[in-house]
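> how would this look folded up:
(one chain, ligands or ions: 1)
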Amino acid sequence: MPGKTFARVAAFASFVLTSSLLFAQQRPATLTIHADQPVSTVSPTLYGLMTEEINYSYDGGLYAEMVRNRTFYSDWSGTPYWYLYENGNAAAKIGLDKTTGPSDALSASLRLDVEQADAKNQAGVQNVGYWGFALRPNTVYKGSFYAKAGSTDLGPVTISIVSDDTAKAITTATVSAIGTEWRQYEFTLKTGAIEPSSKNHLDLSIGHAGTLWLQLVSLFPPTYHDRVNGNRVDLMEKLAAMHPNFLRFPGGNYLEGDTIADRFDWKKTIGPLVDRPTHPSPWFYHSDDGMGLLEFLEWCEDLKMNPVLAVYAGYSLRGEHVKAGHDLEPYIQDALDEIEYVTGGPDTKWGAERVKDGHPAPFKLTYVEIGNEDWLDRSGSYEERCPPFYKAIKAKYPELQLIITAPVKGLKPDVLDEHFYVRATDNFHDATHYDPPAPDSGAPNWNGGRYNKADRNGPKIFVGEWATREGFPTPDFGAALGDAAWMTGLERNSDIVVMAAYAPLLVRVDPGGMQWETDLIGYNATKSYGSPAYYAQVLFAQYLGDHTLGSKLEGAGPKLFYSITGNTAKKKLYLKLVNASTDPQPVQIDLEGAKLASTAKLVSLHAHDARETNSIDAPSHIVPVETQLQGVGAQFHHTVPGLSIEVMEFDEQ
Ligand code: AHR
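Reported below is the predicted structural model:
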């Protein structure tokens, strides 16, 4: 019967398929490691951070300021995030006053005209914060504002954080009397035994008729290392756990701005906050510039990172560029001044400025990057803009390593910055991207273009931005696998790939908080979490060797990736195994040339499905799990579960 025949054929086919699958699953791969054969160096600077103002990374993110639009930039809608507040019978109006402000940089202010108010019927302004004001129990919040009054009888200003749900003040402070000249007033808000919540807003009010002008209204929670004007503690801790060697700043597109006028103009980001004019960022919101050049450097100091300073090179995103020659000279001078601000002694003009800003010690600087993604400049002007920057910086600071962002004819730079935003499958196929070409393969060498199957005679490489873009708002486990596969290639080729940084790093997960997916670390006002890709970064950076070892992998499926490195001083070997297949992969490990302790540390990151992820409400769904491997020796077996990233740490005896 045809039906039965079909069933028999189907059963046989299924048997053949199943047994061949079983065979594929059960057949172990062999990984031979020659622990006594160092192959190439691994750069100690390999893993670091890339950062810019995007996705509310600083304002509403790392930079701990709680007041949104503290300097009252205005648009078609008025003064965003600020509202008039009239309690009971109070009557008042607010508006932007462009005629008065506390400084040349902040020459406008918010004007509050109160027609009628008393102690019980107050009038004032409300700020909604960055998706609320997060309050924790028993915490001190430090606030300040600049103000002046129309007359001396205005009475006290009351500052409260008020619950959105109950309209009741949770904490209140008063500033007793406001003078008729601009000056700064400080206050402190303290919480008691409250439930943590961010469903709150800020009220600033008076109980007397009259006029009050306000500018730079600020409120900070406790910050990392208690820095004044500092950073959010939870986010800094997450970044510290990544063991970052460097911080590339201030961008990215944020360096360039949409227009030349909107670039990161560093001289406008230093000194007292009241002297910083603030500026629009290319990522569709206004930057308060609390995170200015010195704050970036102090962030480096706090996390012991080397600054990788990107200087503006005369190109902005909408296509404007500065013509090489006379027009470019002030920009080159600006870059030299910026380097002097970072590294100069008190006897230099800009070093002295840094001392005045509160940081007497110069910062160590090794890398300076000239521009960002200048291959996007369709006019091709980088060919003319880059060399004069390069020459001028090298002439004054020959010890600096200079990074360029696109190939320039006739210039072999110290370092070339390359960016990769890809899918996981791209990384599986391209994990060998920087491997040397096989001898006589005819593969292209460095020829002033991109590396591919690189020889070792070109510039060093900085993979200044890269990510597997899968997952929203943060990467899922499939993306983490793509990242990990790619990082095995970076480690293997770290004799030329001296630095690499995932981007973007941070994302505000509230509605409207994200301008670019996929991003490594997510947060709202009260909580933050690391994506699976974040934990892959943590593992790769934590277990970084200083040289690669001779090795050979045979018989593995196409989605098994590995990196084997050694750390001479610590007498450790690190084996990273990435199994992006859903099938377990048995591996026989032959370890020659070293005597190892019989146990090893195994750290695993694993999911049952590539789409699994972490989120603000499930922050620890996928996290590294540490166990002990027993029976380690010259030959041992290990099965890497499907969808796993594993690190083995061996002790050499
Ligand atoms: O990381 C997001 C953006 O991607 C960066 O600002 C830019 O350099 C790149 O195109």
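
> what residues does the stretch 501-650 of the chain have near the ligand?
Contact residues (C-beta under 6 Å from any ligand atom) of the stretch 501-650 of the chain with the ligand: Ala503, Pro504, Trp516. Quick note: C-beta positions are derived from backbone N, CA and C, even for glycine.

> which ones are touching the first one?
Contact partners of Ala503, counting by C-beta atoms under 8 Å, 6 or more residues apart in numbering, are Met50, Thr51, Gly252, His419, Gly464, Glu465, Trp466, Ala467.

> of those residues, which are in range of the ligand?
Applying C-beta under 6 Å from any ligand atom to the contacts of Ala503, one finds that Gly252, Glu465 fall near the ligand.

> same list, the contacts of Ala503, but as CSV with neighbour count and secondary structure please.
Compiled in CSV, the contacts of Ala503 are given as follows (neighbours: other C-beta atoms under 10 Å; DSSP: H, G, I helix; E, B strand; the rest coil):
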residue, neighbour count, secondary structure
Met50, 28, strand
Thr51, 26, coil
Gly252, 26, coil
His419, 18, strand
Gly464, 26, strand
Glu465, 22, strand
Trp466, 21, strand
Ala467, 27, strand
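
> out of the contacts of Ala503, which comes closest to the ligand?
Distances from the ligand to those, taken as C-beta to the nearest ligand atom, are shortest for Gly252 (3.3 Å).

> surely the closest one meets Leu505?
No. Using C-beta atoms under 8 Å, Gly252 makes no contact with Leu505, being 10.2 Å away.

> so which elements touch the strand or helix carrying Val578?
Assessed by DSSP states H and E, Val578 sits inside strand 572-579. On a contact count with 3 or more C-beta pairs under 8 Å, 6 or more residues apart in numbering; DSSP states H and E, strand 572-579 meets strand 29-41, helix 477-492, strand 560-567, strand 585-592, strand 644-651.

> which non-adjacent residue is nearest Pro641?
Leaving aside its chain neighbours, Pro641 sits nearest to Pro584 (5.3 Å; criterion: C-beta to C-beta, 6 or more residues apart in numbering).

> spell out which parts of this protein neighbour the ligand.
Within the chain, the positions adjacent to the ligand are Glu52, Ile54, Gly251, Gly252, Asn253, Asn372, Glu373, Glu465, Ala503, Pro504, Trp516 by C-beta under 6 Å from any ligand atom.

> switch to 8 Å and redo it
Among all residues of the chain, those adjacent to the ligand (criterion: C-beta under 8 Å from any ligand atom) are 50, 52, 54, 251-254, 282-283, 372-373, 376, 419, 421, 464-465, 467, 503-504, 516.

> among the residues you listed, which are in helices?
Asn253, Tyr254 (DSSP state H).

> quick one, what contacts Thr269?
Counting by C-beta under 8 Å, 6+ apart, Thr269 makes contact with Arg276, Asp289, Met291, Gly292, Leu293.

> of these, which is the nearest to the ligand?
Met291 (15.4 Å).

> mind listing the strands for the stretch 301-450 of the chain?
Secondary structure of the stretch 301-450 of the chain (DSSP state E, counting those that start in this stretch): strands at 306-311, 367-370, 401-404, 415-422.

> tabulate the ones you listed (TSV), appending mean pLDDT and distance to Leu481.
TSV is the format used below for those (pLDDT from 0 to 100; distance: least, C-beta to C-beta, whole Å):
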stretch	mean pLDDT	distance to Leu481
strand 306-311	98	27
strand 367-370	98	30
strand 401-404	98	29
strand 415-422	96	13
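
> how about those in TSV, adding distance to Leu317?
Shown next, in TSV, are the strands of the stretch 301-450 of the chain (distance: least, C-beta to C-beta, whole Å):
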stretch	distance to Leu317
strand 306-311	14
strand 367-370	17
strand 401-404	18
strand 415-422	15
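
> of these, which approaches Ala29 most closely?
Between Ala29 and those, the shortest gap by C-beta to C-beta is with strand 415-422, which sits at 25.6 Å.

> ok, the closest one: who's next to it in the sheet?
Applying DSSP bridges, strand 415-422 is found paired with strand 401-404 (parallel), strand 460-468 (parallel).

> just the endpoints, please. Distance across stretch 71-79?
Its start and end residues considered, stretch 71-79 measures 10 Å (C-alpha to C-alpha, to the nearest Å).

> gap between the strand holding Val578 and the chain center?
Centroid displacement of strand 572-579 relative to its chain, using C-alpha atoms, centre = their mean, to the nearest Å, is 26 Å.

> export that strand to PDB, keeping only CA atoms.
C-alpha atoms of strand 572-579 as PDB (Å, rounded to 0.1, in the frame of the first residue of the first chain):
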ATOM      1  CA  LYS A 572      47.100  31.200  34.100                       C
ATOM      2  CA  LEU A 573      45.700  29.900  30.900                       C
ATOM      3  CA  TYR A 574      42.300  31.100  29.700                       C
ATOM      4  CA  LEU A 575      40.300  29.100  27.300                       C
ATOM      5  CA  LYS A 576      37.100  30.800  25.900                       C
ATOM      6  CA  LEU A 577      34.700  28.500  24.100                       C
ATOM      7  CA  VAL A 578      31.600  29.800  22.300                       C
ATOM      8  CA  ASN A 579      29.100  27.300  21.100                       C
END
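
> ok, for Ser57, nearest residue in space, not its chain neighbours?
That would be Leu506: by C-beta to C-beta, 6+ apart, it lies 4.2 Å from Ser57.

> give me the number of residues near the one you found?
Close neighbours of Leu506, defined as other C-beta atoms under 10 Å, add up to 28.

> same question for Glu626.
10.

> identify the bridge partners of the nearest residue to it once chain neighbours are set aside.
In space, and not counting its chain neighbours, Glu626 is closest to Val603: 5.1 Å by C-beta to C-beta, 6+ apart. Beta-bridge partners for Val603, by DSSP bridges, are Glu626, Val647.

> just the pLDDT at Val603, thanks.
Note for Val603: predicted pLDDT of 98.

> correct me, but it touches Ser644?
No. If you go by C-beta under 8 Å, Val603 and Ser644 don't touch, sitting 10.8 Å apart.

> coming back round to it: shared neighbours, Gly252 and Leu505?
Contacts common to Gly252 and Leu505, judged by C-beta under 8 Å, 6+ apart, are Met50, Thr51.

> count the neighbours of the closest residue to the ligand within the stretch 551-653 of the chain for me.
Closest to the ligand within the stretch 551-653 of the chain is Thr613: 19.9 Å, counting by C-beta to the nearest ligand atom. Using other C-beta under 10 Å as the criterion, Thr613 is surrounded by 24 other residues.

> run the angle between the strand holding Val578 and helix 477-492 for me.
Inter-element angle recorded for strand 572-579 and helix 477-492: 140 degrees (by axes from the mean of the first three to the mean of the last three C-alpha atoms, to 10 degrees).

> tell me which of the helices and strands packed on strand 572-579 is the most buried.
helix 477-492 (a mean of 27; mean count of other C-beta atoms under 10 Å).

> pLDDT wise, what is Pro436 at?
pLDDT for Pro436: 81.

> show me what contacts the spatially most central residue of the chain?
The chain has Leu505 as the residue nearest its centroid, 3.0 Å off, counting by C-alpha atoms, centre = their mean. By C-beta under 8 Å, 6+ apart, Leu505 lies in contact with Leu49, Met50, Thr51, Ser57, Leu239, Asp519, Leu520, Ile521.

> separation between it and Val647?
22 Å (C-beta to C-beta, to the nearest Å).

> and for Asn524?
Taking C-beta to C-beta as the measure, Asn524 falls 31 Å from Val647.

> quick one: low-confidence parts of the chain?
Along the chain, the parts satisfying pLDDT under 70 run over 1-26, 438-455.

> got the residue ranges for the helices in it?
For the chain, the helices defined by DSSP H cover 2-26, 233-240, 253-256, 293-302, 329-343, 349-356, 382-396, 424-430, 477-492, 532-542.
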